[in-house]
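In: Give me a model of this one.
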Amino acid sequence: MSSSQSLCFGNNRGPDPGPEPGPDPGTGTNTGTSTGTDSTPQGSYWRVLYGLYEPRYWVEPGKLLCDCPSHDVSRWPTELAELTIASCAYRCPYCDEFNKNGRTRLMASNLRRHITKTHIGNAPVYGTLVVAPGWKK
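Out: Numbering: from 1, shown residues only. Down below sits the predicted model:
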């Protein structure tokens with residue numbers, strides 16, 4: 001985690017309680033609890049892992065993973081969530097070390113690997129995160 005980002009501890013129930021998990025990408029319907037996937041199911045988003053517990057910890061400040069206008073998820077949990085990284089994503093939500101050159105093409109698979117190896121491998125902080133496999137066409 002870079003010095004420009006920090007964890008937001010607590011149950012996140014303040015004036016801005018944060019996003020709710022996104023819709024199930026298999027249903028194709030908007031349940032009103034989207035995290036930025038209203039106009040396209042291919043955006044990056046997160047969902048509660050196993051449907052048991054809501055995430056309590058978030059990365060602050062939030063970060064967009066791509067520049068697509070309809071992909072507006074900027075708050076990312078550090079626990080108890082499955083992350084779905086869209087093919088247009090090229091920024092890591094957890095650090096500024098990934099993709100320092102700012103390349104925007106073909107970075108999603110590298111980002112998935114980076115999150116899995118660099119952040120999820122750091123079990124005390126990110127150990128309950130899971131990265132979903134890439135999109136299949």
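In: so where is this protein shaky, pLDDT-wise?
Out: Scanning the chain for pLDDT under 70 picks out 1-42, 135-137.
In: all helices in it, in order from the N-terminus.
Out: 108-114, 123-126 (DSSP state H).
In: Out of these, the one nearest Pro55 is which?
Out: Nearest to Pro55 among the helices of the chain is helix 123-126 (11.1 Å), distances taken as Cβ to Cβ. For glycine as for every other residue, the C-beta is placed from the backbone atoms N, C-alpha and C.
In: in the chain, which spans are strands?
Out: Secondary structure of the chain (DSSP state E): strands at 6-8, 45-48, 58-60, 81-84, 129-131.
In: quick revisit: ranking the helices of the chain by burial, who's on top?
Out: Of all the helices of the chain, helix 108-114 has the most neighbours on average by mean count of other Cβ atoms under 10 Å, namely a mean of 17.
In: how close does Pro55 get to Ala86?
Out: 20 Å (Cβ to Cβ, to the nearest Å).
In: no, scratch that, I was asking about Ser109
Out: 11 Å.
In: quick revisit: among the strands of the chain, which is nearest Ser70?
Out: Of all these, strand 45-48 sits nearest to Ser70, with 11.6 Å by Cβ to Cβ.
In: Quick check: can you name the pairing partners of that closest one and their directions?
Out: Paired neighbours of strand 45-48 in the sheet (DSSP bridges): strand 81-84 (antiparallel).
In: I'm done for today, thanks for sticking with me.
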